[in-house]
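Enquirer: based on what follows, work out the 3D shape:
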Amino acid sequence: MPIYVFLAFSKDTIRKLLDEHDKNKDKRLSKEESKNVFIELDSHFPGWRARRALERADYDGNGYVDEHEKEKLVDYIYQCGYKSAVRQPST
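Expert: From the prediction side, this is the model:
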């Protein structure tokens, strides 16, 4: 039977995930792009999480998480404690 260990995403991994979800490569994340990040993280309420993330990270209120605001979004996702299941090799 396989054994899985749950590891928290590192901040670097979260940054890469955010970059992958910037579909139009404009260096900012819309609410929809943020929602897709939370879907990939297997959030139970991705739309709600995306709204909360924008409330915390969108300092200028333009409806996007811009490049200079991205670290706040990384911190928010990290604090949420999302984890990834990693299969351990059989012994």
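Enquirer: and Ala50, how many neighbours?
Expert: Ala50: 23 surrounding residues under other C-beta atoms under 10 Å. All C-beta atoms are positioned from the backbone trio N, CA, C, and that covers glycine.
Enquirer: contact partners for it?
Expert: Ala50 makes contact with Lys31, Glu32, Ser34, Lys35, Val37, Phe38, according to C-beta atoms under 8 Å, 6 or more residues apart in numbering.
Enquirer: make it 7 Å
Expert: Contacts for Ala50 (C-beta atoms under 7 Å, 6 or more residues apart in numbering) come out as Lys31, Ser34, Lys35, Phe38.
Enquirer: tell me where the protein has helices.
Expert: Taking DSSP state H as the criterion, the chain contains helices spanning 11-20, 31-40, 46-57, 70-80.
Enquirer: to the chain's geometric centre, what's the distance from the last one?
Expert: This points to helix 70-80. The chain centre lies 7 Å from the centre of helix 70-80; the measure is C-alpha atoms, centre = their mean, to the nearest Å.
Enquirer: pLDDT averaged over it - what is it?
Expert: Helix 70-80 carries an average pLDDT of 96.
Enquirer: output the contacting helices and strands for that helix.
Expert: Packing partners of helix 70-80 (3 or more C-beta pairs under 7 Å, 6 or more residues apart in numbering; DSSP states H and E): helix 11-20, helix 46-57.
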